[in-house]
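A.B. asks: any chance you can model this:
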Amino acid sequence: MSHGKIRDDKTCLNCSHIVEERFCPYCGQENTESRQPFYFLFTHFIEDFTHYDGQFWKTLQYLLFKPGKLTKQYLSGKRQVFVAPVKLYIFISFITFLLPGLLPESKKEAPAFKTQTNLNLEKENTKKTLEKMQQTGILSKATSDKIKKKMDSKDYVKITDSTGNAMTNESKIIRETFSDKSRTIMGADSMKEYDSIKKTDKSGTYTVFRPLAEKMFEMKANGLSKKQMVNKYFETLIHTIPKALFIYLPVFAFFLWIFHNKKKWWYFDHGIFTLHYFSFLLLTILILIVVKKIFAWLPDYLLFNFLSGLITLVIIVYMSVYFFIAHYRVYESSKRMSIFKGSVLFIVNCIGLSCMLMILAYISFVMLH
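C.D. replies: You can find the predicted model right below:
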């Protein structure tokens, strides 16, 4: 509670009604002096945070470990001790957006640079390999000479490939010489070639994915490998999840409304269930991201990889089971009917949400700068 000085004037500054006690009975505003000492800004913030903090941790406890109970409590009218569903969803969405970007990336130790002596030795060994490949007919003399010329140029430096492994220029040249097909995008090596394939494509696949291919060719021109492009797409996919969930909220509630008694349950009730369940999904996704970040800092041991995979599997299974438990507790139908309705709803919404997510991720990826 605030410790601000109560005004002598009993007229509420907000609604002009008479205030007999500290709080106005009409609008709820505290009838304290509007001008306060500077330190009041900090004390007021601490008081508000402590009050919200108590609500928040209790709400999180119910949300994570008591499926459906938070929704039941809210719908029964017990709302003062919990964070409101909309506030909860917005807050968790904000944290899911913000926290992963603040967590430091793991800095795997980069391979040591080779000395000039070792580089020269490696260069000589590579030239001998090229000569053997030329003699056996694997390489033509022109290609062999081209690679040797590149090796002798001033651009001969230590670089890193798409997997993070150190390699030299001649290694890159050899890899590119024998991996031209792997560098194509949907069978095309350029947008001109892609468009020519699109003209003969009757399925419409090349037409639908043209913006995506254009973006990938643009990234390829900037030096990104296919693996880096895929990583970028999945990164975009993860950041798109909160947007997809937010847009899908009314759709999810609508499907719940269709499958349940219209007289007993209002659309509002389904909306509360959806807000709580989607808040739970965002929170578990955030936990998965944090777990991934933590294990990325640990040594690449089999035990740590096993633990990371096990934790991820447990969380994903719990995310699925959670819906059925929450659905059964809130809607209080028989177990068989609850499992049947829950299964249909789960499958339908998984398909719908996946489509929404893929569409939004596609648009977000194409619009990347």
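
A.B. asks: mind listing what residue 100 touches?
C.D. replies: Residues in contact with residue 100, defined by CB atoms under 8 Å, 6 or more residues apart in numbering, are 238, 286, 289, 290, 293. For glycine as for every other residue, the C-beta is placed from the backbone atoms N, C-alpha and C.

A.B. asks: what mean pLDDT does stretch 195-207 have?
C.D. replies: Confidence for stretch 195-207, expressed as mean pLDDT, is 82.

A.B. asks: tell me the buried residues in that stretch?
C.D. replies: 198, 206 (16 or more other CB atoms under 10 Å).

A.B. asks: can I get that stretch in PDB, CA atoms only?
C.D. replies: Only the C-alpha atoms of stretch 195-207 are listed here, as PDB (Å, rounded to 0.1, in the frame of the first residue of the first chain):
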ATOM      1  CA  ASP A 195      12.800 -18.600 -63.600                       C
ATOM      2  CA  SER A 196      13.400 -20.800 -66.600                       C
ATOM      3  CA  ILE A 197      12.600 -23.900 -64.500                       C
ATOM      4  CA  LYS A 198       9.500 -22.100 -63.200                       C
ATOM      5  CA  LYS A 199       8.100 -21.700 -66.700                       C
ATOM      6  CA  THR A 200       8.100 -25.500 -67.100                       C
ATOM      7  CA  ASP A 201       6.800 -26.200 -63.600                       C
ATOM      8  CA  LYS A 202       3.100 -27.200 -63.700                       C
ATOM      9  CA  SER A 203       2.700 -27.800 -60.000                       C
ATOM     10  CA  GLY A 204       3.100 -24.100 -59.100                       C
ATOM     11  CA  THR A 205       5.700 -24.900 -56.500                       C
ATOM     12  CA  TYR A 206       8.400 -22.700 -58.100                       C
ATOM     13  CA  THR A 207       5.900 -19.800 -58.300                       C
END
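
A.B. asks: quick one: contacts of that stretch?
C.D. replies: For stretch 195-207, the surrounding residues in contact (CB under 8 Å, 6+ apart) are 186, 187, 188, 194, 210, 213.

A.B. asks: return the distance of the residue nearest to the fourth one when sequence neighbours are not counted relative to residue 215.
C.D. replies: Translated: residue 194. Distances taken as CB to CB, 6 or more residues apart in numbering place residue 188 nearest to residue 194, at 3.7 Å, with adjacent residues excluded. To residue 215, residue 188 is 14 Å away according to CB to CB, to the nearest Å.

A.B. asks: for residue 186, same thing?
C.D. replies: Counting by CB to CB - residue 186 and residue 215 are separated by 12 Å.

A.B. asks: these two: who's more crowded?
C.D. replies: Higher neighbour count among residue 186 and residue 215: residue 215, with 19 against 16, using other CB atoms under 10 Å.

A.B. asks: helix or strand for the more buried one, which one?
C.D. replies: With elements taken from DSSP states H and E, the one containing residue 215 is helix 210-221.

A.B. asks: if we can go back for a sec, so among the contacts of residue 100, which ones count as buried?
C.D. replies: Buried members of the contacts of residue 100, counted by 16+ other CB under 10 Å: 238, 286.

A.B. asks: now the contacts of residue 100 in CSV, with secondary structure and pLDDT?
C.D. replies: Output for those, formatted as CSV (DSSP: H, G, I helix; E, B strand; the rest coil; pLDDT from 0 to 100):
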residue, secondary structure, pLDDT
238, helix, 73
286, helix, 90
289, helix, 86
290, helix, 88
293, helix, 85
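
A.B. asks: out of the contacts of residue 100, which is nearest to residue 56?
C.D. replies: residue 286 (14.5 Å; CB to CB).

A.B. asks: next, the buried residues of the helix or strand hosting residue 270.
C.D. replies: Using DSSP H and E, residue 270 maps to helix 267-297. With burial defined by 16+ other CB under 10 Å, the residues of helix 267-297 counted as buried are 269-286, 288, 292, 295-296.

A.B. asks: about what we covered before: which of the contacts of stretch 195-207 has the largest number of neighbours?
C.D. replies: residue 194 (21 neighbours).

A.B. asks: residue contacts, the residue lying closest to residue 275 once chain neighbours are set aside?
C.D. replies: Distances taken as CB to CB, 6+ apart put residue 85 closest to residue 275, at 3.9 Å, once the chain neighbours are dropped. Going by CB under 8 Å, 6+ apart, residue 85 touches 74, 271, 272, 275, 276, 279.
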